[in-house]
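Engineer: Here's my sequence, what's the structure:
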Amino acid sequence: MPEIKKTSRNIDSYDILSLIESSRSAASIAKSNKLRNRPVIRLWTRQVCHWFTVDMLDHLRHGGRISAASAAIGTVLNIKPLLHVAEDGTLKVMDKPRGRKKAFKLQMSKMEQGWMPELGKLVVIGHGDSIETALELKETVLSKYPDAEVHIADIGPVIGAHTGPGMLALIFWGTTR
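Structural biologist: Next up is the predicted model:
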């Protein structure tokens, strides 16, 4: 009996938006019967922009992302760090706004600077048990970009364990990686 080699591939946050948009494009092309027998799925993982903030710093401290002293001082100062997934896949603190509203505005400014709707109009808002804030961000995105296709998604337990409740992510196609 021949040996069957099993392979698997982890899908990370770089791939999510690409997979959703590529699947939608593939379905549309398949439905229209164009490009028969040609590959239609193309992943542009390096053009997926992730900008997110957390509400509490405890989970970043527990995960070793920040020190206990930084978490304590940041909590007292009401710091809501603007985090970003860098080219190498590491998590980077890009700014340290004080308060949720300032963090929210920074996320929107990153989208304003780099969103490329010609790559795809899909915008995903991920949240960690903060649907009200996610809906508020959705309204803000749609008021500025009425053609955007905004979807809200709960984050999973793995990311949630690192970010905690109150995490809010804005994910879109663009140049502000």
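
Engineer: where do the helices sit along the protein?
Structural biologist: In the chain, the helices defined using DSSP state H lie at 13-32, 58-62, 68-76, 100-114, 131-144, 157-163.

Engineer: Counting neighbours, which bits of the shortest one end up buried?
Structural biologist: By 16 or more other CB atoms under 10 Å, the buried positions in helix 58-62 come out as His59, Leu60, Arg61. The C-beta positions use only the backbone N, C-alpha and C, and glycine is treated the same way.

Engineer: Test my guess that the first one contacts Thr163.
Structural biologist: The reference is to His59. Yes: the pair His59 / Thr163 is scored as a contact, 5.7 Å apart, by CB atoms under 8 Å.

Engineer: wait, which of the helices of the chain is closest to Leu170?
Structural biologist: Evaluated over those, closeness to Leu170 peaks at helix 100-114, with 4.6 Å, by CB to CB.

Engineer: helices and strands around the closest one, which ones?
Structural biologist: strand 48-53, strand 82-85, helix 131-144, strand 168-173 (3 or more CB pairs under 8 Å, 6 or more residues apart in numbering; DSSP states H and E).

Engineer: need those in TSV with mean neighbour count and mean pLDDT, can you?
Structural biologist: Formatted as TSV, these follow (neighbours: other CB atoms under 10 Å; pLDDT from 0 to 100):
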stretch	mean neighbour count	mean pLDDT
strand 48-53	24	90
strand 82-85	21	88
helix 131-144	15	96
strand 168-173	24	93
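
Engineer: any weak-confidence spans in this structure?
Structural biologist: Where the chain drops to pLDDT under 70, the residues are 1-46, 177.

Engineer: 80 instead?
Structural biologist: Within the chain, the stretches with pLDDT under 80 are 1-46, 85-90, 176-177.

Engineer: Please work out how many residues are found near the nearest residue to Thr175 once chain neighbours are set aside.
Structural biologist: Leaving out its chain neighbours, the residue that sits closest to Thr175 by CB to CB, 6 or more residues apart in numbering is Gly114, at 4.1 Å. Per other CB atoms under 10 Å, the neighbour tally for Gly114 reads 16.

Engineer: and Gly114, what is it in contact with?
Structural biologist: Cys49, Gly174, Thr175, Thr176, Arg177 (CB atoms under 8 Å, 6 or more residues apart in numbering).

Engineer: at 10 Å instead, please
Structural biologist: Gln47, Cys49, Trp51, Phe172, Trp173, Gly174, Thr175, Thr176, Arg177 (CB atoms under 10 Å, 6 or more residues apart in numbering).
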